[in-house]
Each structure stands twice: as C-alpha cells, then as structure tokens.
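Peer 1: Dropping the sequence and predicted coords here.
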Amino acid sequence: MFDFDDSRLEDPAVLADASPLLRNLASSGARVRREAATAEAPLTALTDVDRPRAVIAYGPEARLLRAVLEPVCPVPFVAWPALGLPGWVGPLDVVLVIGRRGPESLAVAHEAVRRGARLIAVCPPDSQLALQAASRSTTLLPVGTGDPLAAAVVALVALNQLGLGPSTSPDAIAAAMDAVSESCSARTDVSVNPAKKMALDLADAAPLVWGGSVLAARASRRIVEALRLASGRVGLSADSSDVVGLIQQVRPRDPFADPFEESGAERRPGLVLVDDGMDDESAAEPRVRQERTAEAVEIRVTRLAHTTDSVMERYATVLLTGLFGAAYLQIGLGRTTS
C-alpha cells in the first residue's frame with residue numbers, strides 16, 4: 001500500500017531520484033524534431049507519387065493516423081490491426097508501416113512488396129524492415145528514437161506530401177510539447193503546474209478519464225493506461241454513459257468517516273475530462289452531465305484542455321500533460337524507486 005505524500009512533489013531529493021522519468025517526458029518535443037530532421041530528405045521525394053486508391057496503415061499509432069486523416073483524406077484510409085493485408089490490396093494502394101524491431105512489421109511489408117503496393121516504411125534504418133523490404137516502390141523514412149508519437153508525426157508529414165492529410169508541422173508540434181514540459185517541469189510550483197495539480201486531485205482516487213472527440217478519447221486511453229501503471233490502481237477510460245453510471249454508484253462523502261481507513265475496494269473515483277476543442281454538439285451535454293454528477297457526490301474533477309492550434313498540437317498537449325500528471329502521481333506515491 002502506497003500513501004500519497006504531496007511534499008514529495010517539491011522535495012529536491014525525491015525529484016532528483018525521479019529525474020529519468022521526468023526527463024523522458026520533457027524530451028518528447030526534441031524527439032519529434034529529431035525524427036522529422038532525420039526523415040526530411042526522403043519525405044521530399046514523396047511529392048512525385050501519384051494519388052493512391054487507398055491507404056493501409058499498420059503499426060503503433062496507426063489508429064491515431066486514421067483519427068487525424070478520416071475527416072479530410074480523399075481516399076479510403078484503413079488502420080489494419082492484424083498480420084496479413086486485406087485481399088484487395090495491390091499496385092494502386094499505399095501501405096504505410098510504422099515498424100518496431102520485430103517480425104510482424106516485416107511480414108506486412110513483405111506482403112505489400114509482393115503485391116506491388118507502394119510501401120512507406122517508418123522504421124530504424126538498421127532494422128530488418130529497412131534492410132529486407134527495400135524495393136523500387138519502397139520509401140524508407142528513417143527514425144531512431146523509439147517514440148511512437150514522433151514516428152507518427154513523420155508519417156503524417158508523409159501523408160500530407162501525398163496530398164492525403166492535413167498540413168503537419170513537426171516544429172509546431174514539438175513547440176507545443178516543449179511548452180507542456182515547461183509548465184509541468186519539476187521546478188514549477190504546484191499552484192501553477194497542471195500536472196502536479198492533477199496528481200493531487202487523484203492522490204487517493206481511482207481515475208476515470210473521458211474525452212469527447214475521437215482524438216481526446218484516444219488521449220484518454222493513453223492517459224488512463226499511464227495512471228494505472230503509475231498508481232497500481234484500477235482506472236477506466238469509457239463512454240460518457242458508463243462514466244456517469246459509475247459515478248452515480250458512489251455514495252456522498254461521510255464527513256465523519258476516517259479517510260485513512262478506506263480500502264482499495266472502496267476507493268472513490270476521480271474524474272479527468274480531456275478537452276481538445278474538437279467535440280461535436282453531441283459531446284457537450286455528456287460533458288456537462290458528468291461534471292454535475294461528479295459534483296453531486298463531491299468527486300474531484302480535473303480538466304485537461306487545449307482548444308487552439310492544429311489537431312496534432314492539441315492532441316500532443318493534452319496527452320503529454322496527462323502523462324506528466326501520471327508521473328507526478330507515481331512520485332507522490334513513492335513508487336519511483338520500488
């Protein structure tokens with residue numbers, strides 16, 4: 001059982017011990033810049049490629065690419081979840097593989113080449129995917145930091161070069177992430193640090209995380225996964241109706257109860273609302289209903305919002321803020337050295 005101690009969030013010795021965790025998050029913008037710079041030359045060559053019949057994406061963050069492209073892509077875009085490509089894929093299509101070091105990405109790439117599809121491989125230049133999937137119809141976009149989001153930014157630039165996706169500025173996305181790293185840095189006081197405030201709100205809570213738009217919902221799932229790992233607690237990212245249903249089952253606080261006697265099974269939830277400003281009208285009412293339901297039973301509500309700039313800048317901002325919040329929750333619980 002780990003008890004949250006808010007003094008750890010300002011303790012220089014504790015923060016020094018946790019510096020690798022925080023430094024990795026603070027370097028997110030730098031990784032985006034590095035990957036974009038490494039892939040710059042082959043990216044320019046994609047302007048001469050004809051528009052494909054369809055795009056099939058495979059690998060980490062393929063669904064993120066689909067979420068960004070679906071509203072604007074002029075051709076069908078498929079985030080393919082399994083080994084083996086759809087039977088209709090052929091020379092008129094583009095297969096985009098965001099590769100890790102492993103046989104799965106290589107198998108998909110080999111099949112794309114065998115069928116004559118144009119292959120775009122976003123992968124380390126020394127990987128088996130890069131070495132074995134080379135062909136006249138293959139474009140290699142080299143990446144090397146191991147950061148899936150940074151690789152996804154490179155893939156989005158490639159899709160824009162093909163005329164299939166929105167304009168994507170790696171520098172702007174990196175700058176947005178740098179701004180989060182500054183506002184959420186260890187030296188920033190808890191009173192103005194959104195990530196530390198989020199950790200305090202969730203200090204003794206089981207996290208419920210909700211986002212109204214497609215990308216906010218995706219960020220919510222990533223954030224709750226980080227919160228589960230950071231705290232060792234049950235956490236959930238769910239539809240609004242499920243979140244409201246869970247909150248309605250919570251009994252109002254007993255002012256005479258001893259908070260230190262609450263067991264893990266009785267842990268009250270804490271609500272985190274992710275807002276990227278991309279909600280449609282149908283999401284406005286559920287957001288208000290969740291807030292009112294939470295307030296009725298005195299559940300703390302944390303709001304992670306960034307509603308300006310490009311789609312990816314918004315996504316990167318709310319996601320990284322949430323990941324910093326999970327890191328500070330882990331620090332406050334004293335789980336960084338366990």
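Peer 2: In hand now; what should we look at? Computed from a predicted structure; not experimentally measured.
Peer 1: Give the burial count for Gln248, as a bare number.
Peer 2: Gln248 has 11 neighbours, counted by other C-beta atoms under 10 Å. Placement of C-beta: from N, CA and C, glycine included.
Peer 1: list the contacts for the closest residue to it other than its chain neighbours?
Peer 2: Once flanking residues are discounted, Gln248 sits nearest to Thr293: 6.2 Å by C-beta to C-beta, 6 or more residues apart in numbering. By C-beta atoms under 8 Å, 6 or more residues apart in numbering, Thr293 lies in contact with Val244, Ile247, Gln248.
Peer 1: what's the distance between the last one and Leu271?
Peer 2: Spatial separation of Gln248 from Leu271 under the definition C-beta to C-beta, to the nearest Å is 12 Å.
Peer 1: Kindly report the same for the first one.
Peer 2: In this view, Val244 and Leu271 are 10 Å apart by C-beta to C-beta.
Peer 1: what helix or strand does Phe2 sit in?
Peer 2: For Phe2, there is no enclosing helix or strand under DSSP states H and E.
Peer 1: what's around the closest residue to it other than its chain neighbours, how many residues?
Peer 2: In this structure, Phe2 finds its nearest non-sequential neighbour in Leu333, 4.1 Å apart by C-beta to C-beta, 6+ apart. Using other C-beta under 10 Å, Leu333 is surrounded by 23 other residues.
Peer 1: From Leu21, how far off is Leu333?
Peer 2: Applying C-beta to C-beta, the value for Leu333 to Leu21 is 13 Å.
Peer 1: quick revisit: quick one, which of Val244 and Leu271 is more surrounded?
Peer 2: Each of Val244 and Leu271 has its neighbours counted (other C-beta under 10 Å); Leu271 has more, 24 against 19.
Peer 1: who does the more buried one bridge with?
Peer 2: Listed beta-bridge partners, Leu271: Leu208, Val301 (assigned using DSSP bridges).
Peer 1: Distance-wise, check the residue nearest to Phe2 relative to Ser135.
Peer 2: Noted for Leu333: a distance of 50 Å to Ser135, by C-beta to C-beta.
Peer 1: Kindly report the same for Ala230.
Peer 2: For Ala230 relative to Ser135 (C-beta to C-beta), the value is 43 Å.
Peer 1: pLDDT (mean, whole number) over stretch 18-28?
Peer 2: Averaged over stretch 18-28, pLDDT sits at 97.
Peer 1: That stretch: which residues count as buried?
Peer 2: Ala18, Leu21, Leu22, Leu25, Ala26, Ser27, Ser28 (16 or more other C-beta atoms under 10 Å).
Peer 1: residues making contact with it?
Peer 2: Counting by C-beta under 8 Å, 6+ apart, 15, 147, 149-150, 177, 181, 184-186, 316, 320, 323-324, 327, 330-331, 336 sit against stretch 18-28.
Peer 1: quick one on the thing from earlier: hey, what's in contact with both of Val244 and Leu271?
Peer 2: What both Val244 and Leu271 touch, as defined by C-beta under 8 Å, 6+ apart, is the set Gln290.
Peer 1: wouldn't Leu329 be in contact with Leu227 here?
Peer 2: Yes - checked against C-beta atoms under 8 Å, the pair Leu329 and Leu227 is within contact range at 6.5 Å.
Peer 1: which residues do these two both contact?
Peer 2: Contact criterion C-beta under 8 Å, 6+ apart; residues shared by Leu329 and Leu227: Leu202.
Peer 1: Of these two, which one has the most company?
Peer 2: Leu227 (31 against 27).
Peer 1: Got phi/psi on the more buried one?
Peer 2: Dihedral angles of Leu227 (phi, psi; degrees, to the nearest 10) stand at phi -70, psi -40.
Peer 1: Next, find the distance separating it from Leu156.
Peer 2: From Leu227 to Leu156 the distance is 27 Å (C-beta to C-beta).
Peer 1: try Asn193
Peer 2: 30 Å.
Peer 1: Helices of this protein, residue ranges please.
Peer 2: With DSSP state H as the criterion, the chain has helices at 12-17, 19-26, 28-38, 40-44, 62-69, 103-114, 128-132, 148-161, 170-183, 194-201, 214-231, 240-248, 281-296, 311-332.
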